[in-house]
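Undergrad: coords please:
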Amino acid sequence: MERDKELGEEIKQLLYRIRELDEQYGVPSSTNDRQGETTSSPIVTEEILSTRVGKSRKPYQHHDYPGIAREVETILEEAAAPLTLTELYGQLQKRRGVDWANPYIIIQKSLKYSERVQVQKEGRKLVFSIR
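TA: Next comes the predicted model:
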């Protein structure tokens, strides 16, 4: 019991010293009297909350599926060899500067507008080629 009181006093002294140093170096802080805790400014708490919330959703984008289909056809014609989904998406990123949340879905939707692109599956990879 005596040891607990000593530890409690040491903690209070440390917190008091931290507050003094914060005031000395101009760090804004406020004391919560009910709990005896030190909390920082609201800016810091907003930063912590934004990191806890995680990645925010991207806003909805309207895609030009026929245009993407034409672009895919030209990429495959220039490549003269079948391309995987990641290679095809990499080429689209270079040419159009796109950043899609799910490139598979967008490319599949765009291929509905193209009869020349053939999709095959080799193992776990999708391979796109021109007919």
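
Undergrad: Now for Leu92, which secondary structure element holds it?
TA: Leu92 belongs to helix 85-96 when assigned by DSSP states H and E.

Undergrad: what do you get for Gln120?
TA: Taking DSSP H and E as the definition, Gln120 sits inside strand 117-122.

Undergrad: Can you name the element that comes right after that strand?
TA: Downstream of strand 117-122 (by DSSP H and E), the next one is strand 125-130.

Undergrad: got the buried residues for that next one?
TA: Burial within strand 125-130, assessed by neighbour count using 16 or more other CB atoms under 10 Å, is assigned to Leu126, Val127, Phe128, Ile130. Every C-beta, even on glycine, is put in place using the N, C-alpha and C of the backbone.

Undergrad: Among those, give me the pair with the biggest separation.
TA: Taking CB to CB, the two most distant members of the buried residues of strand 125-130 are Leu126 and Ile130; they sit 14.6 Å apart.

Undergrad: Run the chain-centre distance for stretch 14-27.
TA: Stretch 14-27 has its average C-alpha position 36 Å from the chain's average C-alpha position, going by CA atoms, centre = their mean, to the nearest Å.
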